[in-house]
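Enquirer: For reference, the sequence and a predicted model appear below.
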Amino acid sequence: MEETRTPKLILASTSPRRRELLASLQLPFEVLPSHADESVQAGLSPEKIVETLALRKAGAVVQTVREQYDNALIIGSDTIVVLDGEILGKPVDETDAVRMITSLQGRMHRVFTGVACIHTGTGEQNVGYRETSVTMKPLDAKTIAAYVQTGEPADKAGAYAIQGLGATLIEGIQGCYFNVVGLPLSLLSDMLSGFGISVLRP
Ligand SMILES: Cc1cn([C@H]2C[C@H](O)[C@@H](COP(=O)(O)OP(=O)(O)OP(=O)(O)O)O2)c(=O)[nH]c1=O
C-alpha cells in the first residue's frame, strides 16, 4: 500500500505576526522570507490584489525550495486596508501614517487578507481571501500623533495594529479578527485540510 506523506509546511513571510498566528495552530513549520515584488496592475479589486500577492509570495518560495523539497506546502499571505475604494498599504513614513489614521478615524473600513497554498511537488494550489469590517473610534490629532510616535504603525497595512496599542483605537469589528492581524486561521485550516494536513485530529 502506498504511504501518503504529510507535506512539510513552509510559511513564505517576513512577518512576525504571521509566524505567531501560524504557530498557534500547533503544527511544525519553517519560515522562509519571500521577497516577491508587491506591485499590481491598476484597477484590480481588493480581493484580486490580495489573492494575486499571496500567490506571488508563495510562488517565489516554491522556486527557491522545489529542488530541496518535493513534498512541501508553501503558504503566502497578503493584507490590505480599503477605505472608500482607496487601498492603504504600509505607510511610507510618519506623515503618511498620520494621514492614514486621520482618514480611518470615526469610520468603518475593510481589511482583506489573501492566503495561498502551493505544493512544491504537484504544483497544486489553492487561494482565497477573507474580509473583515473594522470601525475606528473618532480620534483627535493629539491621539493620532501619540499613536504614530509609538512606532507601531510603521510596518502595518493601514498604519495600525489591532493586536497592539492600536486595539485602543478600534470600536469594533465584524468578521475574522485574525484576518486583520494578517492570517485568517479558519480559512487557512480549511485549505490545509485539502492538502492532507489536519489541525484537529479526531
Ligand atoms: C491592519 C493590520 C495589519 N497588520 C499587518 C499584517 C501584515 O504583516 C502587514 C501588511 O503587510 P503585508 O505586505 O501583507 O505583509 P508583510 O510585508 O508584513 O509580510 P510578508 O513577508 O508576509 O509579506 O500589516 C497588523 O499586524 N495588524 C493590523 O491590525
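Expert: Arrived safely, thanks for sending.

Enquirer: now the chain, which segments are flagged as low pLDDT?
Expert: Low-confidence regions of the chain, defined by pLDDT under 70, span residues 1-4, 202.

Enquirer: which one's the longest helix in it?
Expert: The single longest helix within the chain, with elements called by DSSP state H, is helix 46-65.

Enquirer: name the helices or strands packed onto that one?
Expert: Identification of packing neighbours for helix 46-65 by 3 or more Cβ pairs under 8 Å, 6 or more residues apart in numbering; DSSP states H and E yields strand 8-12, strand 30-32, strand 72-83, strand 108-119, strand 125-136. Every C-beta, even on glycine, is put in place using the N, C-alpha and C of the backbone.

Enquirer: so, in contact with the ligand or not, the host helix or strand of residue 103?
Expert: Assigned by DSSP states H and E, residue 103 falls within helix 94-104. No. For helix 94-104 and the ligand, the contact criterion (Cβ under 6 Å from any ligand atom) is not met; the two come no nearer than 9.7 Å.

Enquirer: Report the buried residues of that helix.
Expert: By neighbour count with 16 or more other Cβ atoms under 10 Å, helix 94-104 contains the buried residues 96, 97, 98, 99, 100, 101, 103, 104.

Enquirer: repeat for stretch 69-88
Expert: Across stretch 69-88, burial judged by 16+ other Cβ under 10 Å covers 69, 72-83, 87-88.

Enquirer: and the two most separated of those?
Expert: Put simply, by Cβ to Cβ the two of those set farthest apart are 69 and 83, 40.0 Å from each other.

Enquirer: Can you name the residues bridging to residue 134?
Expert: residue 109, residue 173 (DSSP bridges).

Enquirer: What of residue 74?
Expert: Beta-bridge partners of residue 74, counted by DSSP bridges, are residue 10, residue 118.
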